[in-house]
Structure formats: structure tokens, C-alpha cells
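J.: Give the three-dimensional model of this entry:
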Amino acid sequence: MTLIKRVSQHFDDSAEIKLQSKKVMAKPIVEAAQAMVKCLLHDGKILACGNGGSAGDAQHFAAELINRFEVERPGLPAISLATDSSVLTSIANDYDYKQIFSKQVRALGMEGDVLLAISTSGNSPNVMDAITAAHERNMVVVALTGREGGKMAAMLKPTDFHLCVPAQRTARVQEVHLLTLHCLCDVIDHVLLGGEDA
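T.: You can find the predicted model right below:
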């Protein structure tokens, strides 16, 4: 296989999994976005967490809400729990790396807030701990996973939302995660600015 064919295959595979994901994820994405809108309209906030590339996604999502996505609007309250190096390293050093998100959720999360928990495998221990903490605070959880959802899938309550990419390869899951985050931002903006809500 030439390098051009190799790169072309990545484009083909990405397009194919996105089309497959559309069939199973469009409705849950809308429902999760509506839950986020409800949170924001009741003066709540969205906390987001993940590791590695998923940490980048959490940061990206918070930036799109606080600043803007594609249209002008007031900033919306969102916090990435993966960005404060002093908080992260102090928790990891004094307690355990597994608690780097859950301690922040317990400190910052309030009833009615939303936790966006991102893990391509669905098995990240610190993200799972954050879900437990969010449930303790009566927060809604939006879990963004891949494969079969991992252990996170079994942790979710009926009032939570599971956005699971039907793919095995981490790269493909991450690509659909980014698209999903943009869909969430678009629906949030559309509903808040007076568009239809279903």
C-alpha cells in the first residue's frame, strides 16, 4: 500500500464510521444537548473531563461554550476539569491520580449541573470516579465513549445520556467525538437562540 493510499484509507474509514454513528447517535445527541440547555437555563454549568486527547476535547468544548461556537451570543458557563495544572498535580500528589476529577466535581458541581465525561474506552478510572461524584451531587451525566461503552455504560442512570461511538479504533472514536461536541454546541445555540427544540 502506498502512503497516499494509506492516508486515503483513513479518510474513507473516518467517513464510514461517521455515517454509521449518525444512525445511532443523532437522537441521543439531541437529547443530551436539550439536557444541557435545561441546565444552562436554570443557572447551572457544565463540567467536562477526560484524559489525553479527551482532555483536549473537554477543553475545546468549554472554550466553545464560554466564548462562542458559530454565532454571536453571551458566554455560557462551562469548565474543563483537565486544565488547572496546580489542582491536578496537588490532587494526584496528595491523594491519588484517580481522584483528579472527582474532587473537583465535589468542590464545583451543584445539583442540576451537567458532567460531560469523555473516555474513548469507557474505562478511565478517574472519569468513572467523576461520574460517581456527579451522581452524589445530583448532576446529570453525559458520557461520551466508544466501542461498547466500557464500565462507564453500566454506571449511568436512566436520567443520564450515553453517546457511544460504534467503533473500536481510538482514532476513529476521537474523530466522531469532535463531531459530536460540535453537534452539541450547535443544538445548544440553536435552541437557546429560539430555534425549534426537537
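J.: Can you name every helix or strand that the host helix or strand of Leu115 contacts?
T.: Take DSSP states H and E as the rule and Leu115 turns out to sit in strand 114-118. Packing partners of strand 114-118 (3 or more CB pairs under 8 Å, 6 or more residues apart in numbering; DSSP states H and E): helix 3-41, strand 46-49, helix 53-66, helix 125-136, strand 140-146. The way it works is simple: take the backbone N, C-alpha and C, and place the C-beta from them, glycine included.
J.: now it: mean pLDDT?
T.: Mean per-residue pLDDT for strand 114-118: 98.
J.: tell me the contacts of the most centrally placed residue in the chain?
T.: In the chain, the residue lying closest to the centroid (CA atoms, centre = their mean) is Leu116, at 4.0 Å. Contacts for Leu116 (CB atoms under 8 Å, 6 or more residues apart in numbering) come out as Ile46, Leu47, Ala48, Cys49, Ala58, Phe61, Val142, Leu144.
J.: mind listing what Leu184 touches?
T.: So Leu184 contacts Ile29, Ala32, Ala33, Met36, Phe61 (CB under 8 Å, 6+ apart).
J.: Near the second one, how many other residues are there?
T.: This means Ala32. Look at Ala32: counted by other CB atoms under 10 Å, it has 27 neighbours.
J.: give me the low-pLDDT residue ranges for the chain?
T.: 195-198 (pLDDT under 70).
J.: switch the cut-off to 90
T.: For the chain, the stretches flagged by pLDDT under 90 are 1, 193-198.
J.: give me the element Thr89 is part of.
T.: With DSSP H and E as the test, Thr89 turns up in helix 85-94.
J.: Thanks a lot, catch you later.
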